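Asker: Dropping a prediction and its sequence here:
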There are 6 protein chains.
Amino acid sequence: MAGKIVTFGEIMLRLAPYDYERIIQTNRFQATYGGGEANVAVSLAQFGDAAYFVTRLPDNTLGDAAIRTLSGYGVEVNYIIRGGNRIGVYFLEPGASIRPSKVIYDRAGSVIAEITIGMLDWAAIFKEKDWFHITGITPAISKSAAAVSLEAVKAAKQAGLRVSCDLNYRKKLWTRDEARAVMSELVRYTDLIIANEEDAADVFGIHAGANDVKAGKLDSAQYRIVAEKLAALSGAGKIAITLRESLSASDNNWSALLFDGKNFYESRKYAIHIVDRVGGGDSFGAGLIHGLISGWETQTALEFAVAASALKQTIPGDMNLVKEAEVLAVVQGDVSGRVRR
Amino acid sequence: MAGKIVTFGEIMLRLAPYDYERIIQTNRFQATYGGGEANVAVSLAQFGDAAYFVTRLPDNTLGDAAIRTLSGYGVEVNYIIRGGNRIGVYFLEPGASIRPSKVIYDRAGSVIAEITIGMLDWAAIFKEKDWFHITGITPAISKSAAAVSLEAVKAAKQAGLRVSCDLNYRKKLWTRDEARAVMSELVRYTDLIIANEEDAADVFGIHAGANDVKAGKLDSAQYRIVAEKLAALSGAGKIAITLRESLSASDNNWSALLFDGKNFYESRKYAIHIVDRVGGGDSFGAGLIHGLISGWETQTALEFAVAASALKQTIPGDMNLVKEAEVLAVVQGDVSGRVRR
Amino acid sequence: MAGKIVTFGEIMLRLAPYDYERIIQTNRFQATYGGGEANVAVSLAQFGDAAYFVTRLPDNTLGDAAIRTLSGYGVEVNYIIRGGNRIGVYFLEPGASIRPSKVIYDRAGSVIAEITIGMLDWAAIFKEKDWFHITGITPAISKSAAAVSLEAVKAAKQAGLRVSCDLNYRKKLWTRDEARAVMSELVRYTDLIIANEEDAADVFGIHAGANDVKAGKLDSAQYRIVAEKLAALSGAGKIAITLRESLSASDNNWSALLFDGKNFYESRKYAIHIVDRVGGGDSFGAGLIHGLISGWETQTALEFAVAASALKQTIPGDMNLVKEAEVLAVVQGDVSGRVRR
Amino acid sequence: MAGKIVTFGEIMLRLAPYDYERIIQTNRFQATYGGGEANVAVSLAQFGDAAYFVTRLPDNTLGDAAIRTLSGYGVEVNYIIRGGNRIGVYFLEPGASIRPSKVIYDRAGSVIAEITIGMLDWAAIFKEKDWFHITGITPAISKSAAAVSLEAVKAAKQAGLRVSCDLNYRKKLWTRDEARAVMSELVRYTDLIIANEEDAADVFGIHAGANDVKAGKLDSAQYRIVAEKLAALSGAGKIAITLRESLSASDNNWSALLFDGKNFYESRKYAIHIVDRVGGGDSFGAGLIHGLISGWETQTALEFAVAASALKQTIPGDMNLVKEAEVLAVVQGDVSGRVRR
Amino acid sequence: MAGKIVTFGEIMLRLAPYDYERIIQTNRFQATYGGGEANVAVSLAQFGDAAYFVTRLPDNTLGDAAIRTLSGYGVEVNYIIRGGNRIGVYFLEPGASIRPSKVIYDRAGSVIAEITIGMLDWAAIFKEKDWFHITGITPAISKSAAAVSLEAVKAAKQAGLRVSCDLNYRKKLWTRDEARAVMSELVRYTDLIIANEEDAADVFGIHAGANDVKAGKLDSAQYRIVAEKLAALSGAGKIAITLRESLSASDNNWSALLFDGKNFYESRKYAIHIVDRVGGGDSFGAGLIHGLISGWETQTALEFAVAASALKQTIPGDMNLVKEAEVLAVVQGDVSGRVRR
Amino acid sequence: MAGKIVTFGEIMLRLAPYDYERIIQTNRFQATYGGGEANVAVSLAQFGDAAYFVTRLPDNTLGDAAIRTLSGYGVEVNYIIRGGNRIGVYFLEPGASIRPSKVIYDRAGSVIAEITIGMLDWAAIFKEKDWFHITGITPAISKSAAAVSLEAVKAAKQAGLRVSCDLNYRKKLWTRDEARAVMSELVRYTDLIIANEEDAADVFGIHAGANDVKAGKLDSAQYRIVAEKLAALSGAGKIAITLRESLSASDNNWSALLFDGKNFYESRKYAIHIVDRVGGGDSFGAGLIHGLISGWETQTALEFAVAASALKQTIPGDMNLVKEAEVLAVVQGDVSGRVRR
């Protein structure tokens, strides 16, 4: 039984060179649209859930194009409001091997930065919905976006929805202190927190011990402690942590663990040859929400989320264009990549 | 001394997205033309053999374009007949890493499905030729295509040609029972049978023991037994089996073994980083036919076939666009990929 | 006030070479999705109407991709049913100057050809809708598609919708006699008939007098007579005829006339330098429906329809991706193509 | 003898779909860099002049890429300062036939908007230079950009340079009143003013009489009066007016007139089939500056400028990539477009 | 009844930017293969004739690719010899509107420049053939190429073939004096001479009177005199002259006249919107040879040749990829460019 | 403090298929410009050094385009002279996995082959410069190019510059004996020699012992002996040797060692997944020159050079488009390829 999930955040125009070219040498950009919460919504819609994406977009053709992407992939777009000056833009220069991917955000003054309390009718939006998802990016965009984010989680909670939050710390958007101030309040309304190896440290100063993330080796045991601390600090019932071992820009190991306040669940680890790693965390979130809202066992939901997000990283663009059945095939062990005829 | 080889089958329009895009997100398809027996013919022509491809194509520009591909790569096309409604089409969504490649066949009602006994003048076609090659795909397309396939192998045998058949079971085209009924007769006219790890099981119920093809590890010893059983069942003088260990959609190990009724020959195993794995088996067949028709030692022919088909998987499209000398360089041990200036 | 319009028909994968290449020389196809009634639905959705497209699509990724196109452009897709074997395909080779565009239809055995009476719940579909639109292509696809088309118009009429039909004769799909038999019945349920210079002659044997369509000059006076005869024959309240003067594949004159049983309305004539003329008639239909359903004066609606369809022919693909305001700017006389900054 | 010309303004990233696609349907943008004064600098460098472009660019790879474009085409870039947050961006949707081109500017908060008095060392920049060129776009970007523009023209005048200004009114950047206030002062330091059919009216309220620019017909006599009034108002020695008759987005007539306080010079009129009309006015300015700085007769310089800018509109991108000899061939009457072998 | 035609010359790699880009700004070249006589051969093969192209190509993959092009379009390639260092290359920068197309030839030291007498076995080549065609480009490439050209026409004549020659003067390859010396002898073996408006003047000093080819207007009466003089000078039975009125690089008028020693035949004149004008003359030659070898009336053959070459100019690349039936449709008057469904 | 470095050599047009296509199957080439010494100059300019590239280029648009590449990436181009017939061209067919990359040089008769003593004013060029770099490719191009190369190194030495030479043996340009004769003299003027595993053997007959370069394993100890012998033979103060272990065309290990007459320095070894390996050696040279001219410690300079050239191989084209800071990040150990946001 599919759930009804609302997500709220920014959807941006993403511009990326082709064929591993650097931005300085390219004269073509692939143009797609994406953003943390929008990616979650698209992935959920592909799984068959009813996904509602809430945002603000400028009333121009770039706004129309962003909506086309969302509705094209099955997301409900009728809560999107129009207005403001510009869509946020981000430039992605995909890395390869030892060369890291680089991202230039150009989102100052974007329509979502200028969103204000009261613009969105949360009561109407949350009516008869099951789940609300947000990330730590949205409150980081501007003070008023932070205010609207808090407005949203409170309204969601009040309307009886389950609430999830992906910490997603972005150091170019705000300082650690600013993040902590806002996120400390926000997570109090949260049932599920998703974080990666670094978020907990960046946002809440919770450290995983002696891991060196650049060395490409993570000790999951250390992250159990992180999860416990996060649970204590937030009161959230479930803490999920994605674990990426970056062997290079081309090859990663990918797994996750989940703490439900009592037990630890640890997923299978996938070795991935990467096509596009952007949106990996978002697709994990979508997979986990899908599993939990479907009422699956915790371990099952976690394995689904990890397999889904491993698949994502083999697909170009921000969004995880896979069906539930495709994820389940991977969960059931078929990672041989043999041709399906 | 080059041989004169006839192949018969379907050539289709192949449509594949670029840059690992999924079909749902793409707006461009790379358009090439290929098919099991056509791929064998092109590879043989590249090796310097006289290759004749026999098929039926619609009398429209898509049929012209398929012929352009064949004659452009040196295949003799004058036995091709024109007529019927549509060229077969297949959509290939190339996979990456743990995401499998997917194929959608759209060949119902194609010109080759509607071919009938008597349309082709086999006596004229086989005059002064040395070898006839067919695959298990062609008889699977339709009942009348199966009839024409049997008509062809009988005529070839009668005309004194050596006959080879690649089993190539396609489960979406027919059932195992249908396949067994037709192929049991067809292989009786065959001097050389080519199969992969699964074909023998699918078509004749001959199993290789405890291999798990999805796990990416094959035990070649098990396949010796398969080869012996296939030889016994068919009466064919030579049985070749290609062994693909699918580590992922991006990385495979590739080797083969051959049983000539007396001895087993086993090839070197290649680790391949895959550019396009479609046509791998076809290029193996072409390499083996080229080696055998050239009068090379069995082990030499087998090594040539495996090296040729390993190279194929580094080339986009269905067809193995390599010269004999390029294959020999690999056989002689240069797999370092160093630049040839 | 926007209307609620249902359209029913086939949406196909369209494959076209780039840069005026011929199919024989190309190795890339631009892949879009389109079809007469689907194009009308998209155009209406762009104008702000609620457009519902009804069809059958295979349950594979090509069907998903067609739906993505529709929903991406704002069309409601929840009445689409899934099933059957293959999506229809058409190959478009765009012409230039004296070289005509060519179309190869590959729609035999498509999902819509195999649709049958009762598969669609017309009562539910037409509930609280205002208008139903169909074209002469859909009943031409197969006998059962013709039956469903009749089922649809009758149900629409019964549910109190206005019904429009674009005659759109396709000589490769059926004979003139077959067309006349079916269409004579179908138009009886129709409030508005749309036809081009040739349809009335092809379907109903109504001729416009001494026009030579290949010579690129049309005498609109002759077409008044055609309109009157069509009105008499069908009983439809409104007859619209589009008039295309093909100076070459690159340059056309484009206008239309409308007869409402009493008066003749004739539109401005546009000289168009063509980017993509496919879908020109469909966009006229959408413009006219939009104008009429908006309650505009007949002349206003006609001018809107002609301007909209003139604009369409400057846009790549089947679909008219223009907003109402853009059409109105042209109607108000700005055809200078000056930059809008 | 080539001159030394300084230009000052903003260079932006320009993003435009390919193949006449609309932005809503595209997934690829051609990425080039351009802007009024930068385009003038590139054109002058192509003519063999020493062209110095002064601007501010962010210290990121997009700023590097803009510089690569400039220095690649021979412009001196050592006066460019780095700093600030973002490069300005503009989206260009090229029109065709009756569909107008559309531009979406996204330059709020760009590095040039935040430039302030004193950032640039004008005395050093103007040392041993001959000419300074600016357009009305730069002062329109922000109040501080206007202040720097005035700072620049005064310093140029003081350093003994000739000064030219292209009025280039942009209604989305400022109001007519704001423009008049700033530009009235700026033109007082100007030797040469360049304007198009609408600028004089928009900025100074000087009207050309009964022309209807949308109708594609201009009466050059009317523009003589405009030129006289502009000369009187500004005190500039030379007034040049470009005259564009927009027959459609695809076809324009293009000419110019020049008033030197005494005589009127009127150029040949070119019928252009347009490839890319952006930068047409800029290339006229560059051609005129090149002619005047080369000491050519006024009529010769004017004809050169018009021919140069007619050629520009046949070249993709903002910039006029033609050599002096190519322009002279057109001036000398060869507009037949015959192949040069 | 199809004829057997031999052509001899150079086939080059052609490199051209996309989308009207200039070479200085492009980073992509479209790669095709073409050359005067090769283009004739391909066109004849498309018409159904047996066309044999004779040349020398280097024994590398570029030589293979040129052969792929020829055999792909149905040309017999078995008389091609391999050897030498490099394939000739030419860069084509397509013009637009008033901007002329530019060609940079890079053929010094090419394999055909180094061809020598005796390399080709003309007796074997011409056995059982009907017609030999050459152009004035081949003897211009080098002295030894000129010697082989003469060797060829003499052998052709001796073997009883009809011989045609397209004068095709290339001023960058040789001087007028050099051309006259060689061509005077060569045309003595010729039955049919093809020339354009300028060749007769350049090669033989025969002038057409007061035409100004740059002005885009040609007086065909003047060219009758040219034809008579050419006939007198060469002794050839037929003189055909193509007449191109270059209105711009985008729009040309195109026609031809033919003098058979007695009568003048003048063709219909076509207004062409040009996609690619390279190979226009070659496709005329192919059309005329096809018509004459098919035994058609002179006027019919001429009209076919002109229509064929008008169509060519709407097709990208050097080669005329049209079938006989497509040309006949144009000859019969359908130049409206209406869609063929 | 940045240095002033002069490099001298050939810059060629490089043509390479996209997407791992073979040349025989492609119809598009990516067009870039590069060459050993030009690549060094660009890399140095990216590091912030003043880099002057000296060459001869034809006075056509291909020469302009090569200059555009150089000046676009910040190289000083005012010492480049124009003249001669053709730019050198090379075709690169990128390999993958076990398929080697192939290069076809087409540089016979290029402008640099025809350069002669006295064409370049070395005294002026070397005035106030710090370093001169050349490779063994330039003297190999022609006898006169060898003479100019010697002229250059002597003049550089006389002007007090440090001189470096990358041996870069190209067996298709000259024989080992020819190379030895010229290079023996040239290296006598050299302070730094750069060689790869094979150059020392090819040019000077110095062998590294029992390495099998095709087997992908190198014993660096053996190369210490090579370095010592090279130092003895040349008198150069520093000998650097790059060590490439070719596991396949897709995966290499990459490191280097340096002998300064006293000590051996050995770098970290990088495992690289290759995007484009051309220019790897050149980028090493640039990195080493940059480190040495910056006065860094030898080990630091060597590590910088190896990291720089490892990064190069992840970037398309010949040129190393990385900044100093990006290299330093790798040197400092971040090879995890994590996204930089």
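Answerer: Done, it's in.

Asker: Strands of the stretch 101-250 of chain A, start to end?
Answerer: A:102-106, A:131-135, A:162-166, A:192-196, A:238-246 (DSSP state E, counting those that start in this stretch).

Asker: same for the second one, what does it pack against?
Answerer: For strand A:131-135, the packing partners by 3 or more C-beta pairs under 8 Å, 6 or more residues apart in numbering or on different chains; DSSP states H and E come out as strand A:4-8, helix A:36-47, helix A:143-158, strand A:162-166, helix A:280-293. Placement of C-beta: from N, CA and C, glycine included.

Asker: Make JSON lines out of those and add distance to C:F126.
Answerer: As requested, the helices and strands packed on strand A:131-135 are arranged in JSON lines below (distance: least, C-beta to C-beta, whole Å):
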{"stretch": "strand A:4-8", "distance to C:F126": "27"}
{"stretch": "helix A:36-47", "distance to C:F126": "27"}
{"stretch": "helix A:143-158", "distance to C:F126": "37"}
{"stretch": "strand A:162-166", "distance to C:F126": "38"}
{"stretch": "helix A:280-293", "distance to C:F126": "34"}
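
Asker: among the ones you listed, which is nearest D:G261?
Answerer: Closest to D:G261 of the helices and strands packed on strand A:131-135, according to C-beta to C-beta: helix A:143-158, at 55.7 Å.

Asker: so A:A208 touches A:D199, yeah?
Answerer: No - contact criterion C-beta atoms under 8 Å: A:A208 and A:D199 do not qualify, at 10.7 Å.

Asker: returning to what we had before: do you know which of the helices and strands packed on strand A:131-135 lies nearest chain F?
Answerer: helix A:280-293 (9.8 Å; C-beta to the nearest C-beta).

Asker: Do any residues in that closest one lie close to chain B?
Answerer: No - counting by C-beta under 8 Å from any C-beta of the partner chain, chain B has no neighbours in helix A:280-293; the shortest distance is 12.5 Å.

Asker: Quickly note the distance from A:A232 to chain D.
Answerer: Using C-beta to the nearest C-beta, to the nearest Å, one obtains 39 Å as the distance from A:A232 to chain D.

Asker: next one: A:L70
Answerer: Where chain D is concerned, A:L70 sits at a distance of 13 Å (C-beta to the nearest C-beta).

Asker: OK, contacts around that residue?
Answerer: Residues near A:L70 by C-beta atoms under 8 Å, 6 or more residues apart in numbering or on different chains: A:I11, A:Y33, A:A38, A:A41, A:V42, A:F53, A:V77, A:I80.

Asker: If we use 7 Å, what do you get?
Answerer: With contact set as C-beta atoms under 7 Å, 6 or more residues apart in numbering or on different chains, A:L70 has these partners: A:A38, A:A41, A:V42, A:F53, A:V77.

Asker: neighbours of the last one, just the number please.
Answerer: As a burial measure, the neighbour count of A:V77 was computed by other C-beta atoms under 10 Å in any protein chain shown and equals 20.

Asker: same check, this time on A:Q332
Answerer: A:Q332: 11 neighbours (other C-beta under 10 Å).

Asker: again, but for A:L13
Answerer: Neighbours of A:L13 (other C-beta under 10 Å): 28.

Asker: likewise A:A123?
Answerer: A:A123 sits with 10 neighbouring residues when counted by other C-beta under 10 Å.

Asker: what's A:A200 in contact with, if anything?
Answerer: Here A:A200 is in contact with A:L167, A:I206, A:V226, A:L230 (C-beta under 7 Å, 6+ apart).

Asker: rerun at 6 Å
Answerer: Residues in contact with A:A200 (C-beta atoms under 6 Å, 6 or more residues apart in numbering or on different chains) are A:I206, A:V226, A:L230.
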